[in-house]
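Colleague: Provided below are the primary sequence and the corresponding predicted coordinates.
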Amino acid sequence: MKQNFIQTLQDYFRDGQMAQELGGAMLQCNGMLVPDGVPEIALLIPNFSRPVVTNNESADYNLAGGGQFHVSGAPKNRYEGPIQVIETDSGQASKFAELIMASGGQLDCTMFDGRADRFVTAHAISNVTFTFEPIDIDGEGVSTIQRVQGQIKYNYYGQMANLGTSSLTGQLAGVTGADVFLNKAQNILNAVYAGNTLINILRDAF
């Protein structure tokens with residue numbers, strides 16, 4: 001049977017041109033979660049979920065006569081999701097958990113689309129609480145690393161800074177109202193360059 005509609009190479013050519021304008025697809029590995037004060041621990045957090053602004057579930061209602069309708073819910077500002085932290089032979093994941101408890105059980109963090117020192121978009125999340133599970137030890141795990149599994153719950157109020165394209169330094173340039181966020185990102189970058197700060201922060205905390 002002859003088709004009434006077929007795709008053509010010209011269609012694909014136009015799709016390709018439009019796709020270039022939209023930007024390349026972001027790889028799943030291009031993201032970092034950077035806790036305030038301990039930016040180097042971001043390298044040990046390989047798995048987490050980044051929020052996307054949305055509304056809460058819509059509210060359904062029926063009118064007299066049987067009409068079924070719905071209205072959108074209020075904007076969602078509390079999110080939760082899984083997180084993993086790689087444990088090291090110097091106990092960085094365990095020290096990080098102790099730091100969180102010493103800080104009152106929560107930290108503020110920044111999620112970067114890219115890297116902490118060179119990124120496309122930065123997302124500020126606040127009131128981040130962590131709940132960790134015990135580490136599984138297995139005598140047969142000769143080719144498996146130790147990971148701390150957990151959950152995080154936090155507040156998110158939308159995209160804080162959109163650079164459009166990644167610059168060489170990843171600085172927030174020309175973004176209205178972003179001065180405070182720029183300083184925060186710069187402080188994180190300075191701490192990364194300063195070396196491992198987790199042990200020093202723990203020493204000060206206790």
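Modeller: Good, I have the coordinates.
Colleague: so where is this protein shaky, pLDDT-wise?
Modeller: 160-206 (pLDDT under 70).
Colleague: helices of the chain, start to end?
Modeller: 9-22, 92-102, 179-194, 198-205 (DSSP state H).
Colleague: which stretches in the chain count as strands?
Modeller: With DSSP state E, the ranges of strands along the chain come out as 32-35, 47-48, 59-62, 68-71, 78-86, 106-115, 118-132, 147-156, 161-162.
Colleague: neighbouring strands - and their directions - for the fourth one?
Modeller: Same thing as strand 68-71. Each strand paired with strand 68-71, and its direction, by DSSP bridges: strand 59-62 (antiparallel).
Colleague: also the second one?
Modeller: Paired with strand 47-48 in the same sheet, following DSSP bridges, are strand 78-86 (antiparallel).
Colleague: okay, buried residues for the strand it pairs with please.
Modeller: Residues of strand 78-86 classed as buried by neighbour count (16 or more other Cβ atoms under 10 Å): 79, 83, 85-86. Every residue, glycine included, has its C-beta placed from N, CA and C.
Colleague: now Gln146: closest residue in space, sequence neighbours ignored.
Modeller: Closest residue to Gln146 apart from its sequence neighbours, by Cβ to Cβ, 6 or more residues apart in numbering: Glu87 at 4.1 Å.
Colleague: so how far is Phe96 from the one you found?
Modeller: 10 Å (Cβ to Cβ, to the nearest Å).
Colleague: same question for Gly104.
Modeller: 15 Å.
Colleague: quick one: which of the two has more around it?
Modeller: The residue with more neighbours, out of Gly104 and Phe96, is Phe96; 23 against 8, by other Cβ atoms under 10 Å.
Colleague: would you confirm that the more buried one contacts Val85?
Modeller: Yes. Between Phe96 and Val85 there is a contact at 6.4 Å, judged by Cβ atoms under 8 Å.
Colleague: so for the two, which residues contact both of them?
Modeller: 41, 44 (Cβ atoms under 8 Å, 6 or more residues apart in numbering).
Colleague: what sits in contact with each of Glu87 and Phe96?
Modeller: Contacts common to Glu87 and Phe96, judged by Cβ under 8 Å, 6+ apart, are Leu44.
Colleague: show me which positions of stretch 57-74 end up buried.
Modeller: Counting neighbours by 16+ other Cβ under 10 Å, stretch 57-74 gives no buried residue.
Colleague: show me the contacts for the residue lying closest to Ser49 once chain neighbours are set aside.
Modeller: Nearest residue to Ser49 in three dimensions, chain neighbours excluded: Gly81, at 3.5 Å (Cβ to Cβ, 6+ apart). Going by Cβ under 8 Å, 6+ apart, Gly81 touches 48-49, 51, 151-152.
Colleague: likewise for Ile86?
Modeller: By Cβ under 8 Å, 6+ apart, the neighbours of Ile86 are 44-46, 93, 145-148.
Colleague: in the sheet, who's paired with it?
Modeller: Arg147.
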